[in-house]
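J.: here is my input, please return the structure:
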Amino acid sequence: HAHRHHHHHHRLSANAGGDNVSDDESDGGGGGLTRTASVSRRDIRLSLDAVLAKPFNRACTDCGELEPSWASLNTGAVLCPTCAGIHMQLGRNVSDVKSLRLVAWSRDTLDAFVVTNDAASARAEAAGTGDEAA
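T.: I've put the predicted structure just below:
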């Protein structure tokens, strides 16, 4: 029973898509959990892609190289591999770098990054660098 409760809670918290209702019909124990996890991972990937589609995120925050493939979670920066390497050397406490392509993000990680990324974007616009990347 505890498993079922946990499963139910997990699905609710991950239910951003809104059409997970059918899962209740075909709940085959553990199988439902993995299916829900993959759905929520796809949701997160789509959300992440939407974030990356913003003009601010089309170029490396540090050097302007196009199509950055890394992100600094705590600074909100998007980074090319070269700048990401520099950030990694600074240490996690300075810049918590995560790949945008290689690893699956959790919803919590994505939500936190959206906040810092919006702030970084706003700072760039305030500094007048927002348009140069376009």
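J.: secondary structure class of Ala120, three-state.
T.: Under the three-state scheme (DSSP: H, G, I helix; E, B strand; the rest coil), Ala120 adopts helix.
J.: end-to-end on stretch 50-68?
T.: Chord length of stretch 50-68, first to last residue, is 14 Å (C-alpha to C-alpha, to the nearest Å).
J.: in that stretch, which residues are buried?
T.: By neighbour count on 16 or more other C-beta atoms under 10 Å, the buried set for stretch 50-68 is Val51, Leu52, Phe56, Asn57, Ala59, Cys60, Thr61, Asp62, Pro68. (Glycine included, C-beta is placed from N, CA and C.)
J.: looking at these, which is nearest Gly128?
T.: Phe56 (13.1 Å; C-beta to C-beta).
J.: wait, what's in contact with the spatially closest residue to the closest one that is not a sequence neighbour?
T.: Spatial nearest neighbour of Phe56, excluding adjacent residues (C-beta to C-beta, 6 or more residues apart in numbering): Ser121 at 4.0 Å. Neighbouring residues of Ser121 by C-beta atoms under 8 Å, 6 or more residues apart in numbering: Lys54, Phe56, Asn57, Gly76, Gly130.
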